[in-house]
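Visitor: Sequence plus the predicted model coming up.
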Amino acid sequence: MRSITLLMCAGAAALSLAAPAAAAAANPTTGPTAGAAADRGRPGWPAAFGQATLTGFAALPAQTYVPGSEPSGSALGTAPVNGITPPFPGQPVQGFSGIVRRGDGTYEVLSDNGFGNKANSSDFLLRVHHIKPDFRDKSVKVLGGFNLTDPRKLVPFALTRQDRTLTGADFDVESIVRTQDGTYWIGDEFGPYLLHFDRKGRLMDAPVALPGVRAPENPELNGAQPNLASSKGFEGMARGVDGRHLYPLLEGTVAGDPEGTLRMNEFDLRTRSYTGRRWTYRLDSPAHAIGDAVAVDADRFLVIERDNAQGDAAQVKRVYLADRRDRDGDGTLDKTLVADLLNLADPRGLAGAPGTFRFPFQTIEDVAVLDDRTLAVLDDNNFPFSNGRTAGRPDDNEFITVRLARGLQADPRVRR
């Protein structure tokens with residue numbers, strides 16, 4: 001989730017840039033990303049997959065709250081935002097920034113820090129929601145969930161609440177994986193930290209910092225200079241197919257690294273430490289950001305890359321296949337376009353009239369592999385600020401499935 005200031009600016013940009021951006025978005029190889037997406041003419045270099053197809057659409061209304069939950073949004077003022085006036089009567093079921101596939105048609109989704117930054121999210125309780133999309137009636141049911149807590153007092157710095165329920169002023173959680181023992185590892189942007197929780201959302205280990213990298217919100221700076229921009233920590237995190245490693249991916253460039261490059265580190269689940277191995281993902285533009293990452297096999301990952309615009313102004317909302325074997329020898333992961341989310345075929349009119357479907361949200365932060373040719377993709381609706389679907393109306397949480405033009409040849413362990 002971006003800060004409130006950025007979100008408001010993005011909404012204004014959508015109104016002023018709509019016409020030219022729509023034309024650019026119609027062609028997935030327009031602009032600076034063409035080289036990354038197209039066949040570069042080298043023997044064996046993978047070409048872009050071609051147009052993907054929308055196969056499922058479901059939505060959870062923006063104004064969905066956890067039943068019986070505490071009010072929230074008290075630091076947002078009282079001016080209406082997209083027609084909704086804060087504070088809110090409960091905890092919004094929103095901001096989906098990570099997804100776990102359960103294998104029974106249901107999913108667990110992670111809400112991020114709340115309302116966009118540390119200062120305004122102290123009354124937002126960090127939570128994992130259990131949801132089930134129904135593509136027949138195009139709805140998403142909320143089946144339950146759990147809050148994230150620290151009852152064992154493993155966090156070494158002061159928390160917002162005395163009951164040690166974690167809030168959006170404590171951590172900005174943006175990525176989640178479930179490991180073979182049923183516990184969860186969650187990536188945070190404020191440290192950035194890795195956080196380990198049990199099946200009930202209770203912290204199991206002290207936060208694990210990324211050596212040598214600190215964001216401005218890091219509570220342990222102690223006067224040191226941060227070397228990562230605000231809200232640019234662990235936006236994506238993949239679980240290795242071997243079940244032994246995590247691959248957290250930063251959203252921003254570490255100071256001193258080439259502009260527009262992002263570090264992907266390897267974390268050993270057995271030793272609870274970083275291995276020292278690291279790869280580089282290069283954004284098509286330094287103005288872009290990543291939204292999520294998931295493993296396809298031992299060497300390849302799906303990565304969502306996006307611009308910061310929404311609605312008709314959105315030009316880049318893409319899913320890339322990123323290969324760490326670096327066949328072209330440029331020192332970065334090789335990228336192949338597998339799905340342009342602004343140019344999905346919708347011949348059956350699953351989301352309206354038949355034609356081309358656009359997923360035009362500012363932040364798209366969830367991808368999961370359902371089978372070798374099908375992906376689940378969800379937006380982070382930044383409630384109540386983003387209005388990429390309809391101007392003046394807060395975005396819903398949309399859940400789509402996308403069939404790729406050809407198979408990923410994924411390792412079967414990805415879907416376990």
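Guide: Nice, thanks for sending it over. Numbering: from 1, shown residues only.
Visitor: How about Arg416: what's its closest non-neighbour residue?
Guide: In space, and not counting its chain neighbours, Arg416 is closest to Gly103: 7.7 Å by CB to CB, 6 or more residues apart in numbering. For glycine as for every other residue, the C-beta is placed from the backbone atoms N, C-alpha and C.
Visitor: Pretty sure the one you found sits against Leu370.
Guide: No. With contact defined as CB atoms under 8 Å, Gly103 does not reach Leu370; the gap is 10.0 Å.
Visitor: and the residue nearest to Arg416, what are its phi and psi?
Guide: Backbone torsions for Gly103, taken as degrees, to the nearest 10, come to phi 90, psi 0.
Visitor: Neighbours of the closest residue to Gly77 other than its chain neighbours, how many?
Guide: In space, and not counting its chain neighbours, Gly77 is closest to Pro86: 6.6 Å by CB to CB, 6+ apart. Look at Pro86: counted by other CB atoms under 10 Å, it has 18 neighbours.
Visitor: between Gly103 and Leu370, who's got more neighbours?
Guide: Per other CB under 10 Å, whichever of Gly103 and Leu370 has more neighbours is Leu370, with 16 against 10.
Visitor: The more buried one contacts Thr401, correct?
Guide: Yes. Applying CB under 8 Å, one finds Leu370 in contact with Thr401, separated by 6.6 Å.
Visitor: Between those two, which contacts overlap?
Guide: Ala376 (CB atoms under 8 Å, 6 or more residues apart in numbering).
Visitor: ok so, going back, confirm that the residue nearest to Gly77 sits in a strand.
Guide: No. Secondary structure of Pro86 (DSSP: H, G, I helix; E, B strand; the rest coil): coil, not part of a strand.
Visitor: Where does pLDDT dip in the stretch 1-150 of the chain?
Guide: 1-46 (pLDDT under 70).
Visitor: list the residues that contact both of Gly103 and Leu370?
Guide: With CB under 8 Å, 6+ apart, Gly103 and Leu370 have common neighbours Arg415.
Visitor: Could you check how far the residue nearest to Gly77 is from Val241?
Guide: Here the criterion is CB to CB, to the nearest Å. By it, Pro86 lies 43 Å from Val241.
Visitor: Identify each buried residue in stretch 395-413, please.
Guide: Neighbour-count burial for stretch 395-413 flags 395-404, 408, 410-411 (criterion: 16 or more other CB atoms under 10 Å).
Visitor: quick one: which of the residues you listed is nearest to Pro61?
Guide: Asp396 (5.6 Å; CB to CB).
Visitor: what about that closest one, distance to Thr64?
Guide: For Asp396, the distance to Thr64 - CB to CB - is 9 Å.
Visitor: For the residue nearest to Gly77, give me its contacts.
Guide: Here Pro86 is in contact with Gly73, Ser74, Leu76, Gly77, Thr78, Pro384 (criterion: CB under 8 Å, 6+ apart).
Visitor: from the residues you listed, which is closest to Tyr107?
Guide: Using CB to CB, Pro384 is the member of the contacts of Pro86 that lies nearest Tyr107, at 23.2 Å.
Visitor: Please report the number of neighbouring residues for the closest one.
Guide: Counted with other CB under 10 Å, Pro384 comes out at 25.
Visitor: any idea which helix or strand carries it?
Guide: Of the helices and strands defined by DSSP states H and E, none includes Pro384.
Visitor: Hmm, it is touching Ala79, no?
Guide: No. Pro384 is not in contact with Ala79 according to CB under 8 Å; the separation is 11.1 Å.
Visitor: still on that earlier bit, okay if I get the contacts of Pro86 as CSV plus secondary structure and distance to Ala391?
Guide: Output for the contacts of Pro86, formatted as CSV (DSSP: H, G, I helix; E, B strand; the rest coil; distance: CB to CB, whole Å):
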residue, secondary structure, distance to Ala391
Gly73, coil, 22
Ser74, helix, 27
Leu76, helix, 20
Gly77, coil, 21
Thr78, coil, 22
Pro384, coil, 14
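Visitor: Out of the residues you listed, which end up buried?
Guide: Buried members of the contacts of Pro86, scored by 16+ other CB under 10 Å, are Gly73, Leu76, Pro384.
Visitor: If I look at the last one, what pLDDT would I see?
Guide: Yep, that's Pro384 we're talking about. Looking at Pro384, its pLDDT stands at 98.
Visitor: As a check, name the ranges of all strands in the stretch 1-150 of the chain.
Guide: Taking DSSP state E, counting those that start in this stretch as the test, the strands found in the stretch 1-150 of the chain are 53-60, 96-101, 107-111, 127-134, 139-147.
Visitor: what comes into contact with the shortest one?
Guide: It stands for strand 107-111. 92-102, 124, 126-133, 145, 173-176, 178, 186, 366, 368, 376, 378.
Visitor: Which strands border it, and is each parallel or antiparallel?
Guide: Using DSSP bridges, the strands paired with strand 107-111 are strand 96-101 (antiparallel), strand 127-134 (antiparallel).
Visitor: who's in contact with Thr374?
Guide: Contacts of Thr374 (CB under 8 Å, 6+ apart): Thr55, Thr401, Val402, Arg403, Leu404.
Visitor: ah, wrong one, I meant Val367
Guide: So Val367 contacts Ile99, Gly291, Asp292, Ala293, Val294, Leu302, Ile304, Val319, Leu375, Ala376, Val377 (CB under 8 Å, 6+ apart).
Visitor: Out of those residues, name the ones that lie in helices.
Guide: Using DSSP state H, no member of the contacts of Val367 sits in helices.
Visitor: so can I have TSV of the residues you listed showing distance to Gly50?
Guide: Shown next, in TSV, are the contacts of Val367 (distance: CB to CB, whole Å):
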residue	distance to Gly50
Ile99	25
Gly291	22
Asp292	22
Ala293	22
Val294	21
Leu302	16
Ile304	18
Val319	13
Leu375	14
Ala376	20
Val377	17
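Visitor: got these as TSV, with neighbour count and distance to Leu166 columns?
Guide: Listed next are these as TSV, based on neighbours: other CB atoms under 10 Å; distance: CB to CB, whole Å:
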residue	neighbour count	distance to Leu166
Ile99	23	19
Gly291	30	22
Asp292	29	21
Ala293	25	23
Val294	25	24
Leu302	25	28
Ile304	25	25
Val319	26	30
Leu375	25	30
Ala376	18	26
Val377	27	27
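Visitor: thinking again about what came up before, out of the contacts of strand 107-111, which are buried?
Guide: Buried among these (16+ other CB under 10 Å): 92-101, 124, 126-133, 145, 173-176, 178, 186, 366, 368, 376, 378.
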